[in-house]
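Q: Next input, structure requested:
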Amino acid sequence: MSRVCQFTGRKTSSGNTYTHRGKAKYLGGVGTKVTGKTKRNFRANLQSVLTVMDDGSVKRVRVSTKAIRCGMIVKPLKRKYAYKPASE
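A: The predicted model follows:
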């Protein structure tokens, strides 16, 4: 299972982390220098949640928290007796 959001397509991206030494100029120093640069990963904040799909079925998907906050997913009701049969 890959680390990709089902709705927004957010996935892991790469970047760098920098190591500094020295004191900042605004604090009275001569400035900071970069002493190291290493690769790192920025991972998407994915959550596994139950959601109601377009056909009405309930499925567990991995979505980003941004998709949850934006309302892109619809969570099912927590109690089964809240659903009414289609015949009524």
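Q: Could I have the CA atoms of the host helix or strand of residue 63 written out in PDB?
A: Element membership of residue 63 [criterion: DSSP states H and E] is strand 58-64. This file holds the C-alpha atoms of strand 58-64, laid out as PDB (Å, rounded to 0.1, in the frame of the first residue of the first chain):
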ATOM      1  CA  VAL A  58     -18.500   1.800   3.000                       C
ATOM      2  CA  LYS A  59     -14.700   1.400   2.400                       C
ATOM      3  CA  ARG A  60     -11.500   2.000   4.300                       C
ATOM      4  CA  VAL A  61      -9.200   4.400   2.500                       C
ATOM      5  CA  ARG A  62      -6.000   6.300   3.200                       C
ATOM      6  CA  VAL A  63      -6.600  10.000   2.900                       C
ATOM      7  CA  SER A  64      -4.600  13.100   4.000                       C
END
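Q: quick one: strands adjacent to that strand?
A: strand 46-52 (antiparallel) (DSSP bridges).
Q: ok, residue 13 to residue 39 distance?
A: Going from residue 13 to residue 39 by CB to CB, to the nearest Å gives 11 Å. From N, CA and C alone the C-beta is placed, and that goes for glycine too.
Q: Against residue 62, how distant is the residue nearest the centre of the chain?
A: Central residue of the chain (CA atoms, centre = their mean): residue 45, 2.5 Å from the mean position. Per CB to CB, residue 45 is found 11 Å from residue 62.
Q: Then residue 52?
A: 16 Å.
Q: what ranges of the chain fall below the confidence cut-off?
A: Within the chain, the segments meeting pLDDT under 70 span 1, 80-88.
Q: how about a cut-off of 80?
A: 1, 79-88 (pLDDT under 80).
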